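Novice: below are the sequence and a predicted model; questions follow.
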Amino acid sequence: MTSVAVTGMGVVSPNGLGTQDFWSATRGGKSGIGRVTRFDPARYPAQLAGEVPGFRAEEHLPSRLLPQTDHMTRLALTAADWALADAGVRPAELPEFDMGVVTASSAGGFEFGQGELRKLWSQGSQYVSAYQSFAWFYAVNSGQISIRNGLKGPSGVLVSDQAGGLDALAQARRQIRKGTPLVVSGGVDGAICPWGWVAQLAGGRISTSNEPARAYLPFDAEARGHVPGEGGAILVLEDAETARRRGARTYGELSGYAATFDPRPGSDRAPGLRRTVELALEDAGLAPGDVDVVFADAAGLPDLDRTEAEAIGAVFGPHGVPVTAPKTMTGRLYAGAGPLDVAAALLSMNDGLIPPTVNVVPSPDYELDLVLAQPRPATLRTALVLARGQGGFNSAVVLESSGR
Amino acid sequence: MSTTRTFALDDLRRILLEGAGAEEGVDLDGDILDTYFDELGYESLALLETGGRIEREYGITLDDSALTDAVTPRQLIAVVNEHITAAAEVAA
């Protein structure tokens, strides 16, 4: 089967704009969680978020794109530009139908949609932007990246909450295996606006703590929900052979993937996460002992943390593999989370360093070897990344360093 | 009777910029009166947004064909002014 390599990445994270800033912050345990600034959160029960710092869209994008894009689409377009440049790919020089775009989204352009719906109800339909016709769609990032870069190959969007970012990468791999040599993939997400905020609050998983260092504590006895964040990563995936032929630098290969769906609430059947891990390893042709590090989903709610700890324990044994959750520095980024963790895992493998999980005092009940406070030096050839979406989605990808 | 407002190239430039921005490499301040909108980087959706903003600002209603038939700034300016004059006559 065709091997699929990651040859470029563009990162927009609450703890760093651009891959370099993100990685130096993540290695150093620097958090990007703080009080919401994109709107006044004073009247809401949750007031913390992970917001991407220092992003001024007009410095990165032409004015033509600004009236028609949500904030998260602007971040995605910028990340895609960076990913293509990082891969050394100039789309204009390649056959346009040989390049696709597959991204993930959890909510579409919520902030844009909020603004236009407000105009609809307060001023009337003639005040609603014509661009509302697509700017709030789930598929908008795929579409805009495709148009801006002239990528006309197989494209689409995956919508499965936080699992979606990994599902998109898997769909990109499928398209490459079906013959499209290059797919721009990943996810950049975010709905830090009042409409998005109340929707998240209604979901019941948001931490209402106002202390940035105490609000999101996965695998801690004091876990109380998560902090929402914005951002993510866009990756360039290529047929590894094509990439090698053109002399591309590769970060690593996407060698395994699986997705499962949980049984209905109250069922006596087991949750799907353990099976997801086993199937992803099987897909990669690897045994549990081959895995050097796990990037956890890290829901930050006791039930979900327990399910994840039990799945990891069942496959790898108690304290059987180093586990980390750098998303403790960013909050949960929904469709952006999986691709950002994949970027972090690839950078970890290249640096021989597992980034830390911050602020957490792990509950001993979980029997996890959590990498805490300081980054841990390690030889990393294989990484497992987990992501779960609200509603029962479980996804896992296996990454391997290219220099096997 | 108040003087009727007219719609000029500078008004169109301003509304295009507000509603749809400017394409990289296109100089809206240049001589664009007879340049096709698609060459200026504006597709049908950009013109729909532009038309909506003109309607709101000038209190007129452009029929669907007005926007699709006007393929250059000169043509759009002409059709908008016709509507403004017609609306003023009705009001008078």
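Specialist: Ah, there it is. Note that the structure is predicted; figures quoted are calculated from it, not measured.
Novice: for residue A:394, helix, strand, or coil?
Specialist: Secondary structure state of residue A:394, per DSSP: H, G, I helix; E, B strand; the rest coil, is strand.
Novice: list the buried residues for the one helix or strand in chain B whose mean pLDDT sits lowest?
Specialist: Between all helices and strands in chain B, the lowest mean by mean pLDDT, DSSP states H and E belongs to helix B:64-69, at a mean of 85. Judged by neighbour count (16 or more other C-beta atoms under 10 Å in any protein chain shown), helix B:64-69 contains these buried residues: B:66, B:67. Where you see a C-beta, it was placed from the backbone N, CA and C, and this is true even at glycine.
Novice: likewise for stretch A:364-380?
Specialist: Along stretch A:364-380, the positions that meet the burial threshold by neighbour count (16+ other C-beta under 10 Å) are A:366, A:368, A:369, A:370, A:371, A:372, A:375, A:376, A:380.
Novice: next, give phi and psi for the second one.
Specialist: It stands for residue A:368. Residue A:368 adopts backbone torsions of phi -110, psi 140, taken as degrees, to the nearest 10.
Novice: show me the helices in the chain, by range?
Specialist: If you meant another chain, say so; for now it's chain A. Read by DSSP state H, chain A holds these helices, from start to end of the chain: A:19-27, A:71-87, A:110-122, A:132-135, A:140-149, A:164-177, A:194-203, A:240-245, A:273-284, A:302-316, A:337-351.
Novice: I was after chain B.
Specialist: All helices of chain B, identified by DSSP H, fall at B:9-20, B:44-58, B:64-69, B:73-91.
Novice: what about the nearest residue in space to residue A:207 that is not next to it in sequence, how many residues nearby?
Specialist: With sequence-adjacent residues excluded and distances taken as C-beta to C-beta, 6 or more residues apart in numbering or on different chains, residue A:207 is closest to residue A:225, at 3.7 Å. Here the number of neighbours of residue A:225 (other C-beta atoms under 10 Å in any protein chain shown) works out to 22.
Novice: now do residue A:160
Specialist: Summarising burial for residue A:160: neighbours were counted as other C-beta under 10 Å, giving 26.
Novice: right, and residue B:81 touches residue B:9 too?
Specialist: No: Residue B:81 sits out of contact with residue B:9 when judged by C-beta atoms under 8 Å, with a separation of 11.5 Å.
Novice: which residues touch the residue nearest to residue A:287 when sequence neighbours are not counted?
Specialist: Using C-beta to C-beta, 6+ apart and skipping residues adjacent in sequence, the residue nearest residue A:287 is residue A:281, 6.9 Å away. Residues in contact with residue A:281 (C-beta atoms under 8 Å, 6 or more residues apart in numbering or on different chains) are A:256, A:287, A:288, A:290, A:291, A:315, A:384, A:398.
Novice: between those, which has the most around it?
Specialist: For the contacts of residue A:281, the largest neighbour count, defined by other C-beta under 10 Å, is 28 neighbours, found at residue A:384.
Novice: so what's it up against?
Specialist: Taking C-beta under 8 Å, 6+ apart as the test, what residue A:384 contacts is A:277, A:280, A:281, A:291, A:293, A:294, A:295, A:396, A:397, A:398, A:399.
Novice: want to throw those into JSON lines with pLDDT?
Specialist: Converted to JSON lines, the contacts of residue A:384 look like this (pLDDT from 0 to 100):
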{"residue": "A:277", "pLDDT": "98"}
{"residue": "A:280", "pLDDT": "98"}
{"residue": "A:281", "pLDDT": "98"}
{"residue": "A:291", "pLDDT": "98"}
{"residue": "A:293", "pLDDT": "98"}
{"residue": "A:294", "pLDDT": "98"}
{"residue": "A:295", "pLDDT": "98"}
{"residue": "A:396", "pLDDT": "98"}
{"residue": "A:397", "pLDDT": "98"}
{"residue": "A:398", "pLDDT": "98"}
{"residue": "A:399", "pLDDT": "98"}
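Novice: got a ChimeraX select line for the buried ones in those residues?
Specialist: Entered in ChimeraX, the line below selects the buried ones among these, by 16+ other C-beta under 10 Å:
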select /A:277,280,281,291,293,294,295,396,397,398,399
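Novice: going by distance to residue A:353, which of the contacts of residue A:384 wins?
Specialist: For residue A:353, the nearest member of the contacts of residue A:384 is residue A:293. The distance, counting by C-beta to C-beta, is 10.1 Å.
Novice: test my guess that that closest one contacts residue A:348.
Specialist: Yes: with contact defined as C-beta under 8 Å, residue A:293 reaches residue A:348; the gap is 6.6 Å.
Novice: hey, what's in contact with both of these two?
Specialist: Counting by C-beta under 8 Å, 6+ apart, the residues touching both residue A:293 and residue A:348 are A:354, A:380, A:383.
Novice: count of residues packed around the last one?
Specialist: For residue A:383, the count of nearby residues is 26 (other C-beta under 10 Å).
Novice: report the contact partners of it.
Specialist: Applying C-beta under 8 Å, 6+ apart, we find residue A:383 in contact with A:291, A:292, A:293, A:294, A:295, A:345, A:346, A:348, A:349, A:398, A:399.
Novice: good, we can wrap up now.
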